[in-house]
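pasting the structure only:
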């Protein structure tokens, strides 16, 4: 499982005890195709309870979960992202929210002035929501469900926020499609651990060679077709189009431009 996930010749688990949770984490997959079978309401309730049992900064508990059930609202959100039909047709769609509003309201209820519009408030609420989402993902997969996180909803934040009726200081971190898989996903090869794990000091001196090696190994497993190369009109067609070329092109075309002004106009000062 480690070889399939990393393929980097790194540390082996030999000598450690078998662990079912670790097996599931190492083999987890993104799933975008789902059967028509609906998860039970009892299971969904249990999954959200597990999600909200995740770690929370200072016990502030600044995550909220919005389940989008209304067919018209689901269709409206899905229509914003036509290249991702699974947003509209997944059996279940959650939106994980960073909720900096609630702490402000609690301060008002208790007569204590709270300003949670700061960068720290935004950061803490974002992390709480992300931890809750990842916890739900792992619990859902352990129940035979498949999931697909959807961060692109932030690219259309104004429209998404209107559909979801989000108040000031509440913002989407990501959506999550969920259902029983109708097709296998694949285990995505991760960056070599020599690049992402550091001991005692940060050291990226070997980044270039490691990324080149990773690109070749990943391409051999899951090559990106020529017709999926990004921004060829701007960057030209690449003879070899590896993961790093794809991600550099993606990052060069800034995403989420509407997100910062939305946050500033809806309560955040980032002071």
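Cool, got the structure. Model, not experiment: these values are computed from the prediction. Numbers count the residues shown, from 1 in each chain.

pLDDT wise, what is the residue lying closest to residue 26 once chain neighbours are set aside at?
In this structure, residue 26 finds its nearest non-sequential neighbour in residue 1, 4.2 Å apart by Cβ to Cβ, 6 or more residues apart in numbering. Any C-beta I mention is one placed from the backbone N, CA and C, and that applies to glycine too. Reported pLDDT at residue 1 in the predicted model: 90.

thinking residue 1 is in contact with residue 24, fair?
No. Contact criterion Cβ atoms under 8 Å: residue 1 and residue 24 do not qualify, at 9.8 Å.

on that earlier part again, the residue nearest to residue 26: neighbour count?
13 (other Cβ atoms under 10 Å).

dump the residue contacts of residue 172.
Residue 172 sits next to 95-98, 153-154, 157, 160-161, 164, 166 when contact means Cβ atoms under 8 Å, 6 or more residues apart in numbering.

rewinding a little: what residues are shared contacts of residue 1 and residue 24?
Common neighbours of residue 1 and residue 24 (Cβ under 8 Å, 6+ apart) do not exist.

out of the contacts of residue 172, who's the most crowded?
residue 96 (26 neighbours).

helices along the stretch 101-250 of the chain, start to end?
Under the criterion DSSP state H, counting those that start in this stretch, helices of the stretch 101-250 of the chain are mapped to 101-109, 119-142, 157-164, 193-196, 207-221, 232-235, 243-252.

and for the helix or strand following the last one, what's in contact with it?
Downstream of helix 243-252, the next assigned helix or strand under DSSP states H and E is helix 259-265. Counting by Cβ under 8 Å, 6+ apart, helix 259-265 makes contact with 122, 154-155, 157-158, 161, 171, 270, all of which sit outside it.

from the chain's centroid, how far away is helix 259-265?
Taking Cα atoms, centre = their mean, to the nearest Å, one finds helix 259-265 lying 20 Å from the centre of the chain it belongs to.

in that helix, which residues are buried?
259, 262-263 (16 or more other Cβ atoms under 10 Å).

same check, this time on stretch 145-163
So for stretch 145-163, counting by 16+ other Cβ under 10 Å, buried means 145-150, 152-154, 156-157, 160-161, 163.

on the pLDDT front, check residue 9 for me.
Reported pLDDT for residue 9: 87.
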